[in-house]
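Asks: Sequence plus predicted model, see below.
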Amino acid sequence: MTELRLTTSALYPEAVACLTASFQEDPVLSYLFEDEEQRPLMLAAFFANRLASRNETDRLLVPSGLDARNAAALWEAPEKDSENDSSFNAVVAAGVSLLGQGWISDRLVNLRVLGEAKPKDRHWYLSFVGTRPESRGKGLASTLIKSVTDICDQEGIPAYLESSNPDNVSLYESHGFQVTGEAVIKDGPTVPLMWRDPLFK
């Protein structure tokens, strides 16, 4: 496993490309970027700007070896100050420049329920994990999840995620996450919210 900080990652462009390919059919991001023809460009801008924020609490993980370009996960460490998070400022600016100011009130503002539902307790947060469609079924995402849940168990820290695609709930459950609620996006999908208590060994 290779852990890459975004400030020094030589695989940064590959991670953006991987996440862009992975989230083409994601219900939440498909809601956010409704136009199918524009979506690849919008997703690339979305992930590039989010990762380029270079927050010191971000942990970008990719598999080691030849699969490094086929999967990626962005975890946020417990030290992140969610109350003063500017990670998505560039994402919003890029979205407005490409889609217009109305995109904020028509789409983006409706995702506020996800932020409001986020637990206040100290935790690791799985922001994104994705595998290129042609590389799914090889356990790459599981490796990227387990790399941090192992830390959670060793240090006694919970973890949290929103399953933007309900089809992935069973994957997260296999890593100890449990559905604790849901966020209903106005005119959009319902998102399962998942929490994981650490396993004490």
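Replies: Nice, thanks for sending it over.

Asks: which residues in this structure form helices?
Replies: 12-22, 27-32, 39-51, 89-99, 102-106, 112-117, 140-155, 169-173 (DSSP state H).

Asks: Go through these and name the closest to Glu134.
Replies: With C-beta to C-beta as the criterion, Glu134 lies closest to helix 12-22 of those, at 8.8 Å. To be clear about C-beta, it is placed using only N, CA and C from the backbone, and glycine gets the same treatment.

Asks: could you give the angle of the closest one to helix 140-155?
Replies: 110 degrees (axes from the mean of the first three to the mean of the last three C-alpha atoms, to 10 degrees).

Asks: Closest to the centroid, which residue in this structure?
Replies: The C-alpha lying nearest the average C-alpha coordinate of the chain belongs to Phe128 (C-alpha atoms, centre = their mean; 1.7 Å).

Asks: any idea how far that one is from Leu19?
Replies: The gap separating Phe128 from Leu19 is 6 Å, by C-beta to C-beta, to the nearest Å.

Asks: joint contacts of these two?
Replies: Phe47, Ala72, Leu74 (C-beta atoms under 8 Å, 6 or more residues apart in numbering).

Asks: you'd agree Asn165 is up against Gln24?
Replies: No: counting by C-beta atoms under 8 Å, Asn165 stays clear of Gln24, with 11.2 Å between them.

Asks: export the shared contacts of Phe128 and Leu19 to TSV and tack on distance to Ser174?
Replies: Shown next, in TSV, are those (distance: C-beta to C-beta, whole Å):
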residue	distance to Ser174
Phe47	25
Ala72	20
Leu74	20
